[in-house]
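Asks: Provided below are the primary sequence and the corresponding predicted coordinates.
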Amino acid sequence: MLLPRKRHLDKFIKIKNINNKYKNRYKIQYKVFFIKYTIKNKNKILLYEKYKEKQKENHLDKIYEQRKQQLQELKQFRENKKYILTCYIPTYNQQNTIRKCLESILEQKTQYPFLIKILDDGSSDNTFKICLEYAQKYPEKIELTTVKHNSVGKLLTVAYENIQTKYFCRLDGDDYWCDENKIQNALDFLEAHDDYVTYATDNYMYNLKTKRKVSNIHYLEKNKNITGEISFDNFFYVHVSARIHRNVLDFKKKYKNTRKRDRVLYYLLLDAGKAHYEDKVTSVYTVNPNNEYAKLPHCYQRLSQCLILYKINKVLKYKYDKCFTEQAFDNRLEKYKKLFGKVLGWEYFIFDLKYIDATKRYFKIMFETIFTIKNRVKNIDKFTGDFRTEEFPVIDRVREEMV
């Protein structure tokens, strides 16, 4: 394979590493040389990049095969075992929090047999090693799953397609439960009440930056009408870490390529039946201000939430339009609905948010260029309720890689 000559690379590195004192003097020369070198050796640079990608892929193959063999050895301990609840733990590079998460589930005092299914999304730190340690220690209670490449959340979507138990729940790798009787209380209620599909409680929201811990229901949702029942007629949002669900949705066919986000799942389940709410704290949700969603400007977060409401409202054929309209918290939606009707009103409202509103804001404060806005709007769907067509091959790849 032809690679860039060593003397060219040495010259490139030499100019790049000039002392700070002379950097400004050689700044223009460096840029000119870089452009000339790139144009002249374009093919060689591409070959070199492909070579590096192949090396990286070979490294991933070795790690993946090793992990696959380790996980195959543990499967025998769960054969012919019957579980009533599956607790899904999606995790990616969470070596500092995953132990606390797992311990909080293993400490549960319950007579119901449950399975902890850890979904390692191709972690590159010690997360898989820690999870494997727990899986080897509790092989009958923990099933560890991994993929070769990071799927950016698609692993959970595929995992939901193969739920084998009557009930399921989800706890992210950086969250934890704080009530040792959570499973027992939840399943006692759901077993006795077939008309309820979800058991929900309050939870704490813990901000890593401010170190502040507040109630989700009483502080963030500002819900004063605490009742024992949640429905679209009496709606308030309960965080996914504080919920346990009955397995009533057809994830394999009807919702095969639907992104299983917290709110999307919540709305789909409420369409299938009522949720019971018990006013006590059973979990802690860790808010990381440095994650991808939190870094988005406020207007894009609003757009993301409204897109979820719009898409799920459409999927549910506008049966609960009043509830979704109230959650949009925007007077423009009501005006558009009066002018254009229910369906076209939502369409125009989303168009306004997606293009007109976002563009106005950023032209006003001169914060981003129109091209950056266009790229953000184009990629906003990854935070909402469905997958784009170009993402389907990635989902299929996850199905193949999943061990």
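Replies: That came through fine.

Asks: ok, how many other residues are close to residue 398?
Replies: The tally of other residues near residue 398 (other Cβ atoms under 10 Å) stands at 22. No exception for glycine: its C-beta is placed from N, CA and C like everyone else's.

Asks: try residue 75
Replies: By other Cβ under 10 Å, 11 other residues sit near residue 75.

Asks: Secondary structure of it: a helix, I assume?
Replies: Yes - assigned with DSSP: H, G, I helix; E, B strand; the rest coil, residue 75 falls within a helix.

Asks: and stretch 79-90, C-alpha only, in CSV?
Replies: What follows is stretch 79-90, C-alpha atoms only, in CSV (Å, rounded to 0.1, in the frame of the first residue of the first chain):
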residue,chain,number,x,y,z
GLU,A,79,-31.5,-21.8,30.3
ASN,A,80,-35.0,-22.9,31.4
LYS,A,81,-35.2,-20.1,33.9
LYS,A,82,-38.5,-18.2,34.1
TYR,A,83,-38.7,-14.5,34.9
ILE,A,84,-41.6,-12.2,35.3
LEU,A,85,-39.8,-8.9,34.9
THR,A,86,-36.9,-7.7,32.7
CYS,A,87,-35.0,-4.6,33.8
TYR,A,88,-33.2,-3.1,30.8
ILE,A,89,-30.0,-1.1,31.5
PRO,A,90,-28.7,0.7,28.4
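
Asks: List the buried residues in that stretch.
Replies: By 16 or more other Cβ atoms under 10 Å, the buried positions in stretch 79-90 come out as 83, 84, 85, 86, 87, 88, 89, 90.

Asks: Closest one to residue 198 out of these, please.
Replies: residue 85 (13.2 Å; Cβ to Cβ).

Asks: Would you mind measuring from the nearest residue to that closest one once chain neighbours are set aside to residue 258?
Replies: Leaving aside its sequence neighbours, residue 85 sits nearest to residue 114 (Cβ to Cβ, 6 or more residues apart in numbering; 4.1 Å). Distance of residue 114 to residue 258, computed by Cβ to Cβ, to the nearest Å: 25 Å.

Asks: same deal with residue 335?
Replies: Going from residue 335 to residue 258 by Cβ to Cβ gives 30 Å.

Asks: the more surrounded of those two?
Replies: Neighbour count, other Cβ under 10 Å: between residue 335 and residue 258, residue 258 has more, with 20 against 13.

Asks: In terms of pLDDT, where does the more buried one sit?
Replies: We have a pLDDT of 79 for residue 258.

Asks: And the one 10 residues further on, by the same measure?
Replies: Predicted confidence (pLDDT) at residue 268: the value is 93.

Asks: Number of residues surrounding the residue nearest to residue 85?
Replies: Residues near residue 114, counting by other Cβ under 10 Å, number 20.

Asks: for it, phi and psi?
Replies: Here is the backbone geometry of residue 114 (degrees, to the nearest 10): phi -130, psi 160.

Asks: swap in residue 53?
Replies: Torsion angles, degrees, to the nearest 10, at residue 53: phi -60, psi -40.

Asks: which residues does residue 119 contact?
Replies: 88, 89, 90, 91, 145, 146, 155, 156, 159 (Cβ atoms under 8 Å, 6 or more residues apart in numbering).

Asks: Show me which of these is closest to residue 234.
Replies: Distance to residue 234 across these (Cβ to Cβ) is lowest for residue 88, with 27.6 Å.

Asks: For the one helix or strand the closest one maps to, which strands pair with it and how are they oriented?
Replies: Assigned by DSSP states H and E, residue 88 belongs to strand 85-91. Its sheet considered, strand 85-91 pairs with strand 114-120 (parallel), strand 167-170 (parallel) by DSSP bridges.

Asks: what's the angle between the helix or strand just after the first one and strand 114-120?
Replies: Going back to what we said before, that points to strand 114-120. Next helix or strand after strand 114-120 toward the C-terminus (DSSP H and E): helix 127-137. Angle of helix 127-137 versus strand 114-120, following axes from the mean of the first three to the mean of the last three Cα atoms, to 10 degrees, is 150 degrees.

Asks: could you give the angle of the following helix or strand past helix 127-137 to strand 114-120?
Replies: For helix 127-137, the succeeding helix or strand toward the C-terminus, using DSSP H and E, is strand 142-146. Per the same axes, to 10 degrees, the angle that strand 142-146 makes with strand 114-120 is 20 degrees.
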